[in-house]
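> This is the structure alone, sequence omitted:
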């Protein structure tokens, strides 16, 4: 059996991000023969087709694309901003979705999120729609939507609620199964 490589992408660039903390928690809950790498993309510029057309992919974009291409699956952790995905996450996806050979095309993916009073239901729904463009195979269950996020993390921004840790573990198991089914 080969190791399944998951690329984790947080929809928040904030240093104390609950969603980046979800990815760190996922890294400690992985099934056997699985590794998770959090893909940083804070240096990725705003998408501009003129830049791509005249100069190709900027270095931070190419680095992000290479890391996504090397992964067997992608795990998104998104907050909800104004009932949708954060602009930085959409921007990263816009750059990653570009042809030729988008590193997103047909990949297995899973979505989780931590947010405010309503959790991240709207953001996750919009993210699913966005990912359809590149035919990502998004795992549907279990859904991990943490509402009132601050109540479920300690002062070190570590996930402390066992119920959500178990849901993340189940989501990872489903994601790995989908990745192995497609390989």
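Yep, that arrived. The shown structure was predicted, so the numbers you read here are calculated from the model rather than taken from an experiment. Numbering: from 1, shown residues only.

> Do a quick rundown of the strands in the chain.
Listed in chain order, the strands of the chain (DSSP state E) span residues 4-10, 34-38, 73-77, 108-114, 137-138, 144-146.

> would you turn the ones you listed into TSV with mean neighbour count?
Where C-beta positions appear, they are placed from N, C-alpha and C, glycine not excepted. Shown next, in TSV, are these (neighbours: other CB atoms under 10 Å):
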stretch	mean neighbour count
strand 4-10	23
strand 34-38	17
strand 73-77	27
strand 108-114	27
strand 137-138	18
strand 144-146	23
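
> Columns mean pLDDT on top of these, output as JSON lines?
Output for these, formatted as JSON lines (pLDDT from 0 to 100):
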{"stretch": "strand 4-10", "mean pLDDT": "98"}
{"stretch": "strand 34-38", "mean pLDDT": "98"}
{"stretch": "strand 73-77", "mean pLDDT": "98"}
{"stretch": "strand 108-114", "mean pLDDT": "98"}
{"stretch": "strand 137-138", "mean pLDDT": "97"}
{"stretch": "strand 144-146", "mean pLDDT": "96"}
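
> Take the ones you listed and lay them out in JSON lines including distance to residue 123.
Formatted as JSON lines, the strands of the chain follow (distance: least, CB to CB, whole Å):
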{"stretch": "strand 4-10", "distance to residue 123": "12"}
{"stretch": "strand 34-38", "distance to residue 123": "19"}
{"stretch": "strand 73-77", "distance to residue 123": "10"}
{"stretch": "strand 108-114", "distance to residue 123": "6"}
{"stretch": "strand 137-138", "distance to residue 123": "13"}
{"stretch": "strand 144-146", "distance to residue 123": "9"}
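
> So which of these is nearest residue 126?
Smallest distance to residue 126 across the strands of the chain (CB to CB): 10.3 Å, for strand 108-114.

> Grab the most central residue of this protein for me.
Nearest residue to the geometric centre of the chain (CA atoms, centre = their mean): residue 76, 1.6 Å.

> From residue 156, how far out is it?
For residue 76, the distance to residue 156 equals 23 Å [CB to CB, to the nearest Å].

> so where's the chain shaky on pLDDT?
Within the chain, the ranges that satisfy pLDDT under 70 run 1, 183.

> can you rerun that using 80?
1, 100, 182-183 (pLDDT under 80).

> just how off-centre is the lengthiest helix in it within its chain?
When the chain is parsed with DSSP state H, its longest helix is helix 162-182. Helix 162-182 sits 13 Å away from the centroid of its parent chain (CA atoms, centre = their mean, to the nearest Å).

> Show me what it is packed against.
Counting contacts by 3 or more CB pairs under 8 Å, 6 or more residues apart in numbering; DSSP states H and E, helix 162-182 packs against strand 4-10, helix 18-27, strand 73-77, strand 108-114, strand 144-146.
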